[in-house]
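Student: Mind folding the following:
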Amino acid sequence: MPPQEAAPQVPKKSFFSIKTLLIIFIIILITGIGLGGYFYLNSTASPKETGPDPEKLITFNMGSLLVNLADPGGNNFMRLTPVLEYETNKENKKLAEELTKNKVVLQDCIIRVIRKKKLTDVQPPESIDKVAEELKTEINKNLQKGKILRVYFSEYLTQ
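Tutor: Below you'll find the model as predicted:
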């Protein structure tokens, strides 16, 4: 009898071969990138509000003002009713009192700012925001007991 040939032995493959480890590493990497992206986008998608508390906002009406504009001939004028908005907080504790006491001074400040404008400066719709921001800056320069946040207009007419 011929000697028996031993059957070729197939080497046992271990579960953790290089190919398997590489696939597991790629799956973990993709999952990590996905979770990291999700948490990053989630944290930047809803920024935390740091503005004023809407429930603490107060408005102060400056009354209706009629102002001649700086156009040649003096035929153009503007009627506006600015409304100042501020937050009631410890920095603005006495702001209401100051606004009431100095209303005439602040109205004069507003008139002086508008008086320098021409009709082309105040008539286009986009000019309202620029005028409001300029008035806010000038009014805040005249206040000692707080600052206003915004200027609104309940009336804004030009002719």
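Student: Lys145: neighbouring residues, count only.
Tutor: For Lys145, the count of nearby residues is 15 (other C-beta atoms under 10 Å). The way it works is simple: take the backbone N, C-alpha and C, and place the C-beta from them, glycine included.
Student: same question, Glu134
Tutor: 17.
Student: I'd say it and Val113 touch.
Tutor: Yes: assessed by C-beta atoms under 8 Å, Glu134 is found in contact with Val113 at 5.9 Å.
Student: starting at the chain centroid, how far to the lowest-mean-pLDDT helix or strand in the chain?
Tutor: Lowest mean confidence among the helices and strands of the chain (mean pLDDT, DSSP states H and E): helix 18-45, at a mean of 84. Here the centre of helix 18-45 is set off from its chain's centre by 34 Å, with C-alpha atoms, centre = their mean, to the nearest Å.
Student: ok, now stretch 97-117?
Tutor: Using C-alpha atoms, centre = their mean, the offset of stretch 97-117 from its chain centre is 27 Å.
Student: same thing with stretch 128-139?
Tutor: On C-alpha atoms, centre = their mean, the centre of stretch 128-139 falls 17 Å from the chain's centre.
Student: Run through the helices of this protein in chain order.
Tutor: 18-45, 95-101, 103-115, 119-122, 127-141 (DSSP state H).
Student: for the second one, what is the average pLDDT?
Tutor: What it means is helix 95-101. When pLDDT is averaged along helix 95-101, the result is 91.
Student: list the buried ones in that helix?
Tutor: Leu95, Glu98, Leu99 (16 or more other C-beta atoms under 10 Å).
Student: Serialize the residues you listed to TSV and add fields for distance to Arg79.
Tutor: Below are the buried residues of helix 95-101 laid out as TSV (distance: C-beta to C-beta, whole Å):
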residue	distance to Arg79
Leu95	26
Glu98	26
Leu99	21
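Student: Sketch out the low-pLDDT regions of this protein for me.
Tutor: 1-16, 45-50 (pLDDT under 70).
Student: now the most centrally placed residue in the chain: how far from Leu149?
Tutor: With distances taken as C-alpha atoms, centre = their mean, the residue of the chain nearest its centroid is Gly51 (8.1 Å). The gap separating Gly51 from Leu149 is 9 Å, by C-beta to C-beta, to the nearest Å.
Student: try Ile30
Tutor: For Ile30 relative to Leu149 (C-beta to C-beta), the value is 47 Å.
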